[in-house]
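Got a predicted structure plus its sequence, pasted below:
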Amino acid sequence: MSRVSWAAAACRSLAVLLVLLPGLARAECINMVSGAGGPAFWRQVQLGAEAAAQQNRLQLYFRGPQSEREPQMQLQVVDKVLERPCAALIIAPSGDELLGRLSRLRQAGLTTLFIDRDIGSSDVAAAVVSDNLQAGVVAGQHMVRLLKGRGRVAVLRPASRAQSIAQRVRGFVQSASAGGLQVVFEQRLSASEGGDRSNLAQQLQALDGVFTANESTSLITLGALRRAKLAGQLVHIGFDANPQLVEALRSGEMAGLLVQQPYQMGYQSVELALRHLRGEPGAPRTIGLAAVWVEPQGLDNADIQNLLYP
């Protein structure tokens, strides 16, 4: 047999082995593709995922798009990470555009999991997410409590089409309305210095409370309230945490924050990927992590401090 023929036969034998033992040659690493925005949040997701990977003697390759407003950017990242073959891909989908790629990933032998948001697909083995709908409900309930069931409130959300944002908004509107509050408007805020901020302070002056559905809108709204000298005068409940928002909560400029558990999200996503790769019976399709309500008087609680990621 010639060297060329021998090499071709060896390649065919390796291919058969990989079919018979799926994931064997790729089980030493896991790819993770984050969502855009919230760098403090995604850093904690990465740390949790790396801890689980290290405990299981795996290599984690972590990447993310710069913008969720252009889902094609995430598809390009997916194509890039697939150049490094791994047994599993954990991804925070930017939108439905990813759905067309998932069947090809499954056919290629990859186990795919969603993280942070679940857009639904039979080609995905599992998902680890925050319970965003319930988080919105909790935010609305606290708004009702703080306003004693009376007042005009609004929701400010990012331009992102992510299902996680939509669920938070829906949960808040449902519980705030059920509690007697009047939800007068819902507005999308871009990350740029565009015109949608020019009259934001004026709009806020007519409100008794505002719910901001993610980190960026919480920061934008806090800045607008400060410039208008309204911070602390209306009930502002935000979502996610960073040092600026925590300080605003401590000073009384904000009434409360709903804080996710990103470290646990990253850790459990890697653990769940491994359970599905091993074919463990009873491995769940979805793990939903509760968002935690944080108010000023609870900031010095040790368990709360562990959630307020830097």
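Cool, the structure landed. Numbering: from 1, shown residues only.

Please enumerate the strands of this structure.
29-33, 59-63, 88-91, 111-116, 126-130, 152-158, 182-189, 209-212, 235-239, 256-259, 286-289, 292-294 (DSSP state E).

which residues touch the residue most central in space within the chain?
In the chain, the C-alpha nearest the mean C-alpha coordinate belongs to residue 116, at 3.4 Å (CA atoms, centre = their mean). Under the criterion of CB atoms under 8 Å, 6 or more residues apart in numbering, the contact list for residue 116 reads 34, 35, 45, 92, 128, 129, 130, 164, 265. For glycine as for every other residue, the C-beta is placed from the backbone atoms N, C-alpha and C.

Throw together a PyMOL command that grabs the buried residues out of those residues.
PyMOL command restricting the contacts of residue 116 to the buried ones, with burial defined by 16 or more other CB atoms under 10 Å:
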select buried, resi 34+35+45+92+128+129+130+164+265
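
For the contacts of residue 116, please prepare TSV with the additional fields pLDDT and distance to residue 255.
Compiled in TSV, the contacts of residue 116 are given as follows (pLDDT from 0 to 100; distance: CB to CB, whole Å):
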residue	pLDDT	distance to residue 255
34	90	29
35	83	27
45	93	27
92	91	28
128	97	29
129	95	26
130	94	20
164	86	22
265	96	25
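
got a markdown table for the contacts of residue 116, with distance to residue 151 too?
Below are the contacts of residue 116 laid out as a markdown table (distance: CB to CB, whole Å):
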| residue | distance to residue 151 |
| --- | --- |
| 34 | 37 |
| 35 | 33 |
| 45 | 35 |
| 92 | 35 |
| 128 | 36 |
| 129 | 31 |
| 130 | 27 |
| 164 | 26 |
| 265 | 33 |
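
of the contacts of residue 116, closest to residue 257?
Proximity of these to residue 257 was ranked by CB to CB; the top entry is residue 130 with 13.4 Å.

Can you verify my assumption that that closest one contacts residue 165?
No - using CB atoms under 8 Å, residue 130 makes no contact with residue 165, being 11.3 Å away.

And stretch 218-234, what's buried?
Judged by neighbour count using 16+ other CB under 10 Å, the buried positions of stretch 218-234 are 218, 219, 220, 221, 222, 224, 225, 230, 231, 234.

Show the contacting residues for the last one.
Residues in contact with residue 234, defined by CB under 8 Å, 6+ apart, are 204, 207, 208, 209, 210, 225.

Quickly name whichever of the residues you listed is closest to residue 99.
The nearest one, if we look at the contacts of residue 234 relative to residue 99 and count by CB to CB, is residue 210, at 33.6 Å.

Distance-wise, check the closest one relative to residue 302.
Going from residue 210 to residue 302 by CB to CB, to the nearest Å gives 30 Å.

When these two are compared, which one has more neighbours?
It is residue 210, of residue 210 and residue 302, that has more neighbours when counted by other CB atoms under 10 Å, with 27 against 6.

Show the end-to-end separation of stretch 80-98, please.
Stretch 80-98 has an end-to-end distance of 14 Å (criterion: CA to CA, to the nearest Å).

oh sorry, the question was meant for stretch 81-95
18 Å.

Going by neighbour count, list what's buried in that stretch.
Quick answer for stretch 81-95 (16+ other CB under 10 Å): 81, 82, 86, 87, 88, 89, 90, 91, 92, 93, 94, 95.

Redo these as a markdown table? Include distance to residue 200.
Below are the buried residues of stretch 81-95 laid out as a markdown table (distance: CB to CB, whole Å):
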| residue | distance to residue 200 |
| --- | --- |
| 81 | 38 |
| 82 | 41 |
| 86 | 44 |
| 87 | 47 |
| 88 | 42 |
| 89 | 39 |
| 90 | 36 |
| 91 | 33 |
| 92 | 28 |
| 93 | 29 |
| 94 | 26 |
| 95 | 26 |
